[in-house]
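Trainee: Provided below for reference: sequence and predicted model.
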Amino acid sequence: MIETNIAAWRTSSQSADAGGHCVEVGMIEDGSGRVAVRHSHDPEGPMIAYTREEWIAFVNGVRKGEFDFHTI
């Protein structure tokens, strides 16, 4: 488990449409620029930390539609 101080957890505005399956993200307050991710229904549970570069690459991929599910 990551021991961190998080400034504030943020939930996507799209989470309301996700049937209660919410992912939260927060900046780790250690000056590293890392981002932590957790499941909102288990706030004391595990978190995953990403470097600033990894997070930026993920967000850019989302914006480009790289993770969209397409029906055949």
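Mentor: All right, it came through fine. Residues are numbered from 1 along each chain as shown.

Trainee: Dihedrals phi and psi, the closest residue to Ser12 other than its chain neighbours?
Mentor: Sequence neighbours aside, Val23 is the residue nearest to Ser12 in space, at 6.9 Å (criterion: CB to CB, 6 or more residues apart in numbering). (C-beta placed from N, C-alpha, C; glycine too.) With angles defined as degrees, to the nearest 10, Val23 sits at phi -110, psi 140.

Trainee: How about residues contacting the least confident helix or strand in the chain by mean pLDDT?
Mentor: Counting by mean pLDDT, DSSP states H and E, the chain has its least confident helix or strand at strand 10-11, which shows a mean of 88. The contact list for strand 10-11, computed with CB atoms under 8 Å, 6 or more residues apart in numbering, reads 22-26, 40.

Trainee: hmm, back to that, was I right to think the residue nearest to Ser12 contacts His41?
Mentor: No: between Val23 and His41 there is no contact under CB atoms under 8 Å: 10.1 Å.

Trainee: So between these two, which is more surrounded?
Mentor: More crowded of Val23 and His41, by other CB atoms under 10 Å: Val23, with 14 against 10.

Trainee: sorry, back to before: tell me which strands the least confident helix or strand of the chain pairs with, and in which orientation.
Mentor: As defined by DSSP bridges, the strand partners of strand 10-11 come to strand 23-27 (antiparallel).
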